[in-house]
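Chemist: test case, fold it:
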Amino acid sequence: MKRWQVALLALLAAGTFAAAAPVKIDFWYSMGGANGDLIQSMVKDFNEANKDVVVTATYQGNYYDTSAKIQAAVASNTTPNVSMVVDMHNAMFASAGVLADLGPFMKRDKVDVNDFIPGLLDWSFYEGKTVSLPFNRSTPLFYFNKDHLREAGLDENGPKTWEELRSYARKLTRKGERFGFSCPIDIWFYLGMVFQNGGEVLAPDGKHIGFNNDIGTKPIVFWREMIDEGIMKMPPGKEYNAWDVAMQDFLNGKTSMIMTSTGYLYGILSSAKGKFDVGTGYLPRAKQYGTPTGGANVAVIANKPAQEIEASWRFVKYLTDVPQVIRFSQKSGYMTSRKSAVAGPEMQAFFKGNPQFKTAIDQLYEAAKKRPAHPNYPQLDKIIMDEIQRAVIDRSYAPEQALKAIDAAAQRLF
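Modeler: The predicted structure is shown next:
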């Protein structure tokens, strides 16, 4: 054996030329069922294409469960490397220094933030830094059973205004058999109605709510009247449990029209296939069309070793790149978050064959409204939710009382 061969064997034996161990990072996500399976599939593909990084993805419950676990993990120094962060919690975590600044990575790798649809970027920035990027983002969408509408002699394209919604619900309701309309008593849908009525979350002074008048009372009164008339079902259960009831009633033909997330679109279309024809539309308008956005962004957690931060950014870049944006949107119903993806031939062809998906994009461009990107907004959000639910359920509690309590909270928090 020659001298150089002996030296090489010695180096290999010493591990000098051994391949570096892959960087291991943890990813927390907030989606179960088929969407969770889709996330796991995307993670698997990333790992197979990037042998120097191993991503372990773990389901952490719904958005609020995940946020609570991040808060606990910060306290115990056991945070993941990457996490979904529900939209309105981005500012809260960013203000506490939990989220890494993605700006330098984006500049280096020529990731253009302006390619993301503006209506989905509200929660991505904090104090001039890009702290997260849109991923599983959504808006409320109006779903209706076209077969029911045709049978009732109604326009199969669905109602366009609040009063048309009331009229359709009357004609579609069959006492003891079917409700014309169902909607969870939830802040997301309530704020959509505030926007439709010409309101904003905050007044121009930034200290009071922008709906402490008939802009804010009319949605509550509208819901009360439809529930009392027996043409709207208030699905039982708290938060997402009520959403699941509304969706199952719709799929089982017990409700003709519902409001729920675009994130359920793929599942609803798949479950209804061969049973009935599903239509989608903008949320019906009052003075104008209006909708909030929702869902979650994906963020890199700060204060990790440099090699983990780098690997985390590569994973976030992969998740939010155009091919994955298209894949995730088509297989879930969540928003196609990048302009180039929406305009590209693949999505345009998909929209032609699946027009229900395009409704959400059109509504996003035309009607999406902002909520305050403020660290204290999550507290106000919960107060609005509690107050409107009380005002709808407890008829001795006037809508004006609810708005007064919300406005007092806004003054305290903002």
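Chemist: which strand or helix spans Ile25?
Modeler: Per DSSP states H and E: Ile25 is located in strand 23-29.
Chemist: typed the wrong thing, it's Asn297
Modeler: With DSSP H and E as the test, Asn297 turns up in strand 294-300.
Chemist: ok, then the element right after that strand?
Modeler: Heading C-terminal from strand 294-300 (DSSP H and E), you reach helix 306-319.
Chemist: that next one: what's the following helix or strand?
Modeler: helix 322-332.
Chemist: pull that following helix out as PDB, backbone CA atoms only.
Modeler: C-alpha atoms of helix 322-332 as PDB (Å, rounded to 0.1, in the frame of the first residue of the first chain):
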ATOM      1  CA  VAL A 322     -44.400  29.200  -5.600                       C
ATOM      2  CA  PRO A 323     -44.500  25.400  -6.200                       C
ATOM      3  CA  GLN A 324     -45.400  24.700  -2.600                       C
ATOM      4  CA  VAL A 325     -47.900  27.600  -2.500                       C
ATOM      5  CA  ILE A 326     -49.700  26.100  -5.500                       C
ATOM      6  CA  ARG A 327     -49.600  22.600  -4.100                       C
ATOM      7  CA  PHE A 328     -50.900  23.600  -0.700                       C
ATOM      8  CA  SER A 329     -53.700  25.800  -2.100                       C
ATOM      9  CA  GLN A 330     -55.000  23.200  -4.500                       C
ATOM     10  CA  LYS A 331     -55.000  20.500  -1.900                       C
ATOM     11  CA  SER A 332     -56.500  22.500   0.900                       C
END
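Chemist: how far off centre is that helix?
Modeler: Centre-to-centre, helix 322-332 and its host chain are 15 Å apart (Cα atoms, centre = their mean, to the nearest Å).
Chemist: can you check stretch 98-108 too?
Modeler: Using Cα atoms, centre = their mean, the offset of stretch 98-108 from its chain centre is 22 Å.
Chemist: kindly report the same for stretch 78-88.
Modeler: 14 Å.
Chemist: what about that stretch, how long is it end to end?
Modeler: 22 Å (Cα to Cα, to the nearest Å).
Chemist: which parts of that stretch are buried?
Modeler: Thr79, Pro80, Asn81, Val82, Ser83, Met84, Val85, Val86, Asp87, Met88 (16 or more other Cβ atoms under 10 Å). All C-beta spots, glycine's among them, are computed from the backbone N, C-alpha and C.
Chemist: which residues touch Pro140?
Modeler: Residues counted as contacts of Pro140 (Cβ atoms under 8 Å, 6 or more residues apart in numbering) are Trp188, Phe189, Gly192, Met259, Thr260, Ser261, Thr262, Leu283, Thr291, Pro292, Gly294.
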